[in-house]
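>>> Provided below are the primary sequence and the corresponding predicted coordinates.
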Amino acid sequence: MRAVAYGILVLGALSMVAPFALMLATSLMTAEQAMSYPPRFWPDPVAWGNYVQAFVSAPLWRYFLNSALVSGVTVVGQVLTGAMAGYAFARLNFKGRDVLFLAVLATMMVPPQVNIAPLFAMMAKFGWLNTYLALIVPGLFGAFGVFLLRQWFLTFPKELEEAAKLDGCTPWGTFWRIALPTAAPALATLAIFAFISSWNSFFWPLIVTHSDAIRTLPVGLAAYKSSFREITDWGVLMAATTLSVLPAVGVFLLGQRYFIRGMLAGSVKE
Amino acid sequence: MRLSRLPLALALVLSLIATACAPRSNGLTFATWGSVDEIALLKPLLADFTAKTGTPVELLHIPESYFQKLPILFASRQAPDVLFLNNMTLPSYADSGALLPLDARLAESSSLAEGDYYAQGLEAMRWKGGLYAVPRDLSNLVVYVNREMFAKAGLPLPQASWTMADLREVATRLSHGKGQERVFGISFDKRPLFWLPYLWSEGGDLFDANFSRSTLAEPQAIEALQFYADLAHRHHVAPREIDTGNAPMAQLFAQGKLAMFVSGRWSVPGFRKSLAFDWDVLPFPNGKAGSIVDVDASGWAISAQSERPDDAWRLIEHLAGKEASTRFSEGGLIVPARRDVAEAPGFLAEGLAPASSRTFLDVLATGRPTRTPPNWGEVTTVLDLELGPLFRGEASASEVLPRASRRIDELLRQN
Amino acid sequence: MGMRKAIAKLPRYDGFWAFLLAGPTLLGILIFNLLPIAGSFWLSLTKWNLLSAPRFVGLKNYQDLFSDSLFYQVMGQTVAFVGLVVALELIGGVLVAMALNSKLKGSQWLRTAYFLPFITSMVAVAIVWGWVFDPANGALNAILALFGAAPIAWLSDPVIALPALAVLTAWKGLGYAMMLVFAGLQAIPAQYDEAASIDGANAVQRFFKVTLPLLSPTIFLVAVLSTINAFQAFDAVYLLTAGGPANKTTTIVYWLYQNAFVHYNLGKASAIAYVLFAVLFALTLIQWAVRKKWVYAE
């Protein structure tokens, strides 16, 4: 029985990793090697130059910069606004609180494609198309973050709050100086989730950008792939793809625990 | 307090202000597509205009995906004052009220008159009776022929009265060889532009008079398109994809692998430079309804969003005038929409091939504009999809056309 | 210290502080979420091609949709696609989760491997699988060649292309499904399985008679979540097949994209979006209802 279990696990893990291994191997092959027949799975000689070529054939550095900027600002925005709103919904008492929270939750039930046409129209109207504003601003406020942080702050001990009040802290002060620091795990979860989600986002950036100067990595990669007319240089394309994957993988490895927690949020009783 | 959010908030507010109060340029914006050569012709003309009137013109050159990018400008309220359009895209713009009607302006103009232009060109720039653009050039199809190949086969050049049967016969006599040495009689292209003449000349059409339904499944249409597909797949006088791959027809003609090539005026400059044999042009052969090719046109329109319509009109008067038109026609790329320029020696170019340049003007009499509904883009997608099997020789016209007709009906109902 | 005392003297309206803390998010969600949801519905009642203001046409877009043969083709294809993706994710997810549950040595590392596809962008995944599916030089056809089989045009064959995309989508989502099932498995007390084992049931019997029934709420949950996700598939279609050949891989979101941003038919696209919304809304409601029941069923 254990052998079967091991077998399944290893086989499955291999099939998960194999395409990436292929990606890596191909990224180190020259075009001739990649297209050779019978196909080879091992580069020889190793074409490190592909990684340099990737930056030459496409404005890869620009795509990286744009993605970093957009994802960075988005994460900061989502974490801050999510924490602030989550705390308010969890610990403050105000008129219409529950209705408003329901409204926020309701937006999570709506598929993003419903919003796309009007949001696009809004961006056109504001003149934000093909600017960082269209890439960043709509994504700054996320219901998921509010939901997550509210869950967390619901468990915030009331005694600490009372003590802070006695000390003369305003609710903002309590939030900023006492509640927020203790919410580090939840914040980490949200940050990692928001980063990976933003870094990999494709549909929205695709339709609001149309020049290389503003494109984010996924859109730039897609544009690069379709720029090959007759023959695709798979080696360089794989190099570019490998590079694009690294940041998300890095962030994930750093905070695997938090990421998994985020995945299970709302599906499992904490 | 919200110190960490202050910069962001500030940036947001500033950008909102900036976009709301963007300084309006004090000139006109002018959008066009075109090759590098065409833009080189355009720039001095624009400079002349600015010198003459003092109105600066910002040129918005969009070489790729012009009709994908233009609507976004309109939606952002940044539509160019003057825009270049063709007769196939004009309906969707005019129908949406995005263009200003120009009838009154043309009638009152002191430098332009309706009579200056070929009626077909003006007709192509109309939608539901109103004129929305002034034409620059007319585009129609003729048959380019390799005279030397005719001579070698002992064939006289066909007359203007030649029929479809003559076409097939001549193409058969001119086709020969095998493999790499294979020579074909007539070109083959699956794009609607190139098979519409076959359809029209047999009396068929894509739509009825007011775009209420498709007439693609009618007997004349089926007969016409089957004849066309048969040229490649039954009589083998036109190349199939497996014969020549993706090689462009123009290239095959230049290499002497194609005896006759259906194309427009735009092929002339390249052919003048590179063809190594004696060539000329003939009018399209006659079907039951005559010899009917397209007369399409490109021209300039004024957007309804323009804040300077009078200046925009003045720019059009300048671009559509005799001098500008003459400059555009130099090099042989276009058939000018102005009669005086088309009939002038500059265009007819005695001494330069093709000797029968007049043909381009003669076919205007029998040609017709490609009439399109506002969702022409979607219709072409359906045509490409449904007629694909016919042009690949996998199905007959009577099999694919009824379905295509039904799909197009659905699209027309959505207008 | 003086500042603190002064603030302490401020009247305590929670409302004011709530406005400060929750205000930005609420404003943002109002403008970029709620408003567009309403705007989208309004747009679906208009005809708009960006060139001028939208023109009200009532329910015409929906009528056109329901009389468009392509609509039914797209819906059918999407449902088939989703069905295949969910089936693969569930079966794979349960298998691997069960294996993980046996607390084997080193399973932590293996677990990381399963997340690799999930955290990479769909664009990267599609590009890599495009290479795997390549008819001339791809890994799959190379393996086929080893066995002497003829190469298959994975992504240009009208019958195989959609399942091929489904396989790569399921491959990407397996980690997520597996994780959820695993969490569900962990929540099942071990005594049920032990009791059945003592009663003489073998592994297979234990799985089908004990584990699976107890796991069924989780499986249902994963199925619904997977379904909702698979319905929104777009990136792979855009990158690898552009909806072809002959519209055979056009899923509903790709079709929405074509209508909105290629043909600039935004009214029709919004109608399509609302149809999708209706389908997913129903599914989400089911998921919420089941989750509530499951969380309190302990």
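That came through, no problem. All of these numbers come straight from a predicted model, not from anything done at the bench.
>>> where do the strands sit along the stretch 1-150 of chain B?
B:28-32, B:57-61, B:82-86, B:126-127, B:130-131, B:134-140, B:142-146 (DSSP state E, counting those that start in this stretch).
>>> for chain C, same thing?
Using DSSP state E, the strands of chain C run over C:46-47, C:55-56.
>>> as a markdown table, the ones you listed with distance to chain B would be great.
Heads up, the C-betas are built off the backbone N, CA and C, glycines and all. As requested, the strands of chain C are exported to a markdown table (distance: least, Cβ to the nearest Cβ, whole Å):
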| stretch | distance to chain B |
| --- | --- |
| strand C:46-47 | 9 |
| strand C:55-56 | 8 |
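>>> looking at those, which is nearest to chain A?
strand C:46-47 (10.5 Å; Cβ to the nearest Cβ).
>>> from the middle of its chain, how far away would that closest one be?
29 Å (Cα atoms, centre = their mean, to the nearest Å).
>>> pairing partners for that strand, with directions?
Strands adjacent to strand C:46-47 in the sheet, as given by DSSP bridges, are strand C:55-56 (antiparallel).
>>> what would the strands of chain C look like in JSON lines with mean neighbour count and mean pLDDT?
Below are the strands of chain C laid out as JSON lines (neighbours: other Cβ atoms under 10 Å in any protein chain shown; pLDDT from 0 to 100):
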{"stretch": "strand C:46-47", "mean neighbour count": "20", "mean pLDDT": "93"}
{"stretch": "strand C:55-56", "mean neighbour count": "12", "mean pLDDT": "92"}
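>>> out of the ones you listed, which gets nearest to residue B:105?
strand C:55-56 (25.9 Å; Cβ to Cβ).
>>> who's in contact with residue B:316?
When contacts are counted by Cβ atoms under 8 Å, 6 or more residues apart in numbering or on different chains, residue B:316 touches B:82, B:102, B:134, B:300, B:302.
>>> same thing with residue C:26?
Residue C:26 neighbours (Cβ under 8 Å, 6+ apart): A:85, A:100, A:104.
>>> the residue in the stretch 301-415 of chain B that chain A sits nearest to and residue B:316: what is the separation?
Nearest residue of the stretch 301-415 of chain B to chain A (Cβ to the nearest Cβ) works out as residue B:305 at 12.8 Å. Residue B:305 is 16 Å from residue B:316, where distance means Cβ to Cβ, to the nearest Å.
>>> could I get the host helix or strand of residue A:163 in CSV with only the CA atoms?
Assigned by DSSP states H and E, residue A:163 falls within helix A:158-166. Written as CSV, here are the backbone C-alpha positions of helix A:158-166 (Å, rounded to 0.1, in the frame of the first residue of the first chain):
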residue,chain,number,x,y,z
LYS,A,158,-10.9,42.3,23.3
GLU,A,159,-8.7,42.9,26.4
LEU,A,160,-5.9,44.4,24.3
GLU,A,161,-8.4,46.7,22.7
GLU,A,162,-9.8,47.8,26.1
ALA,A,163,-6.3,48.4,27.4
ALA,A,164,-5.5,50.6,24.4
LYS,A,165,-8.7,52.6,24.8
LEU,A,166,-7.8,53.3,28.4
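>>> what sits up against it?
A:91, A:173-174, A:177-179.
>>> over to stretch B:188-203?
Against stretch B:188-203 from outside (Cβ under 8 Å, 6+ apart): B:141, B:164, B:187, B:205-206, B:220-221, B:223-225, B:227-228, B:231-232, B:238-240, B:249, B:262, B:284-294, B:368, B:370, B:380, B:383-384, B:387-388, B:391.
>>> near chain B, which residues of chain A? Just list them.
A:73, A:77, A:80, A:121, A:124-129, A:133, A:137, A:172, A:210 (Cβ under 8 Å from any Cβ of the partner chain).
>>> do I have it right that residue B:62 meets residue B:29?
No - with contact defined as Cβ atoms under 8 Å, residue B:62 does not reach residue B:29; the gap is 11.6 Å.
>>> neighbour-wise, which of those two wins?
residue B:29 (21 against 18; other Cβ atoms under 10 Å in any protein chain shown).
>>> beta partners for that one?
Bridge pairing for residue B:29 - DSSP bridges - gives residue B:58.
>>> residue A:22 sits in which helix or strand?
Short version: residue A:22 belongs to helix A:2-27, going by DSSP H and E.
>>> show me which residues of the helix or strand just after that helix are buried.
Where DSSP H and E defines the elements, the next helix or strand beyond helix A:2-27 is helix A:31-34. Neighbour-count burial for helix A:31-34, counted by 16 or more other Cβ atoms under 10 Å in any protein chain shown, picks out A:31, A:33-34.
>>> now, which of those sits nearest chain B?
For those, the nearest to chain B is residue A:31 (20.4 Å; Cβ to the nearest Cβ).
>>> OK, contacts around that closest one?
Contacts of residue A:31 (Cβ under 8 Å, 6+ apart): A:231, A:233-236.
>>> for residue C:265, same thing?
Residue C:265 touches B:375, B:378, C:47, C:49, C:259, counting by Cβ under 8 Å, 6+ apart.
>>> sort out for me which of the residues you listed are in helices.
residue B:378 (DSSP state H).
>>> out of the contacts of residue C:265, which one sits closest to residue B:42?
Comparing the contacts of residue C:265 against residue B:42 with Cβ to Cβ places residue C:49 closest, at 27.7 Å.
>>> quick one: the closest one from chain A, how far?
Separation of residue C:49 from chain A (Cβ to the nearest Cβ, to the nearest Å): 12 Å.
>>> burial count for residue A:99?
Counted with other Cβ under 10 Å, residue A:99 comes out at 9.
>>> and residue A:84, what element?
With DSSP H and E as the test, residue A:84 turns up in helix A:60-91.
>>> let me know the angle separating the helix or strand just after that helix from helix A:60-91.
Note on helix A:60-91: by DSSP H and E, the next helix or strand toward the C-terminus is helix A:97-108. For helix A:97-108 against helix A:60-91, the angle by axes from the mean of the first three to the mean of the last three Cα atoms, to 10 degrees is 150 degrees.
>>> got phi/psi on the residue nearest to residue A:57 when sequence neighbours are not counted?
Closest residue to residue A:57 apart from its sequence neighbours, by Cβ to Cβ, 6 or more residues apart in numbering or on different chains: residue A:236 at 6.0 Å. Residue A:236 adopts backbone torsions of phi -70, psi -40, taken as degrees, to the nearest 10.
>>> in contact with residue A:236, which residues?
A:27, A:31, A:50, A:53-54, A:57.
>>> repeat that for 6 Å
The contact partners of residue A:236, taken as Cβ atoms under 6 Å, 6 or more residues apart in numbering or on different chains, are A:50, A:53-54, A:57.
>>> do the same with residue B:185
Residue B:185 neighbours (Cβ under 6 Å, 6+ apart): B:171, B:174-175, B:237, B:259.
>>> interface residues of the stretch 51-200 of chain C facing chain B?
Selection of the stretch 51-200 of chain C residues close to chain B by Cβ under 6 Å from any Cβ of the partner chain yields C:51-52, C:64, C:68.
>>> save those residues as JSON lines, and put in neighbour count and pLDDT too.
Formatted as JSON lines, those follow (neighbours: other Cβ under 10 Å; pLDDT from 0 to 100):
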{"residue": "C:51", "neighbour count": "24", "pLDDT": "90"}
{"residue": "C:52", "neighbour count": "19", "pLDDT": "85"}
{"residue": "C:64", "neighbour count": "21", "pLDDT": "90"}
{"residue": "C:68", "neighbour count": "17", "pLDDT": "88"}
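>>> need the strands of the stretch 1-150 of chain B in JSON lines (columns: mean pLDDT).
Output for the strands of the stretch 1-150 of chain B, formatted as JSON lines (pLDDT from 0 to 100):
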{"stretch": "strand B:28-32", "mean pLDDT": "95"}
{"stretch": "strand B:57-61", "mean pLDDT": "92"}
{"stretch": "strand B:82-86", "mean pLDDT": "95"}
{"stretch": "strand B:126-127", "mean pLDDT": "92"}
{"stretch": "strand B:130-131", "mean pLDDT": "96"}
{"stretch": "strand B:134-140", "mean pLDDT": "93"}
{"stretch": "strand B:142-146", "mean pLDDT": "95"}
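>>> skipping adjacent residues, who's closest to the residue in chain C that chain A sits nearest to in space?
Closest approach of chain C to chain A (Cβ to the nearest Cβ) occurs at residue C:28, with a separation of 2.9 Å. Nearest residue to residue C:28, sequence neighbours excluded (Cβ to Cβ, 6+ apart): residue A:141, at 2.9 Å.
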